[in-house]
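# Mind looking at a prediction? Sequence and model below.
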Amino acid sequence: MKRNVTEIEQRLIHILKKNSRKSLIDIAKELGVSRITARKVFDSVIQAGKINKFTIVLNEDEKDLAIVHTRGIENLPNDLVIESFRLIDNTYIVVMYYENLTKTEGIPIISVKIATSRTLSESIGRAEHFHCDYCGKEMSGIPIEVESQGKTYYACCPNCERDLRKRKGDLADKSTMQN
């Protein structure tokens with residue numbers, strides 16, 4: 001199935017979300033395109049500013065976090081903030097390391113919750129213009145991932161997933177279905 005550039009970009013972004021250190025050769029193989037095409041798509045995604053940053057997350061970065069609900073973050077030092085979210089009511093949710101709570105004096109805190117661990121999803125996220133690799137239909141919602149022979153395929157429904165697995169000769173364990 002011939003895919004448009006937007007769909008190849010979406011698939012590339014999904015591959016990079018799973019592993020941003022994957023080689024261009026492996027990315028091209030997984031996308032089913034040439035290395036040159038993969039490089040062009042990669043460069044266009046970077047130049048368009050679709051990717052904000054590539055980063056490394058350590059195991060210890062995912063533990064002992066404080067989720068702070070606050071009225072403002074103006075006086076909160078940037079180096080304490082892992083993530084911040086501005087809410088519709090103009091308050092903020094800030095994620096920081098537990099041990100840095102003592103450095104928040106003078107910040108108007110509403111509440112604090114302590115998380116023992118954090119898990120980042122490998123979900124495709126907001127995917128647009130994805131087509132089912134079995135029936136070709138444009139998908140709405142989260143596609144079902146099918147891993148087979150080093151490639152990732154996407155199915156729009158459980159029926160297409162089953163038939164895609166048969167076509168690929170991969171009737172082993174089902175991939176994680178995302179609904």
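Right, received. Where do you want to start?
# switch to C-alpha atoms for all contacts and neighbour counts from now on
Noted.
# tell me the pLDDT at the spatially most distant residue from the centre of the chain?
In the chain, residue 106 marks the outermost C-alpha relative to the chain mean, sitting 34.7 Å out by CA atoms, centre = their mean. You'll see residue 106 listed with a pLDDT of 83.
# now it, what's its secondary structure?
coil (DSSP: H, G, I helix; E, B strand; the rest coil).
# and it, how far is that from residue 93?
Going from residue 106 to residue 93 by CA to CA, to the nearest Å gives 16 Å.
# Then residue 140?
30 Å.
# What average pLDDT does stretch 159-168 get?
Averaging pLDDT residue by residue across stretch 159-168 gives 88.
# With stretch 133-150 instead?
Mean predicted lDDT for stretch 133-150 stands at 82.
# Output it as CSV, nothing but the C-alphas.
The C-alpha atoms that make up stretch 133-150 are tabulated as CSV, following Å, rounded to 0.1, in the frame of the first residue of the first chain:
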residue,chain,number,x,y,z
ASP,A,133,-2.4,-2.2,6.8
TYR,A,134,-5.0,-4.9,6.1
CYS,A,135,-8.1,-3.2,4.6
GLY,A,136,-6.6,0.3,3.8
LYS,A,137,-9.4,2.1,5.7
GLU,A,138,-8.4,5.4,7.4
MET,A,139,-8.5,4.9,11.1
SER,A,140,-10.2,6.9,13.7
GLY,A,141,-9.2,6.2,17.3
ILE,A,142,-6.2,4.3,18.4
PRO,A,143,-4.9,1.7,16.0
ILE,A,144,-4.1,-1.9,17.1
GLU,A,145,-0.4,-2.6,16.7
VAL,A,146,0.8,-5.9,15.2
GLU,A,147,4.5,-6.7,15.4
SER,A,148,5.7,-9.2,12.9
GLN,A,149,9.2,-9.9,11.6
GLY,A,150,10.7,-6.7,12.8
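# buried set for that stretch?
133-134, 136, 139, 142-148 (16 or more other CA atoms under 10 Å).
# Thank you, goodbye.
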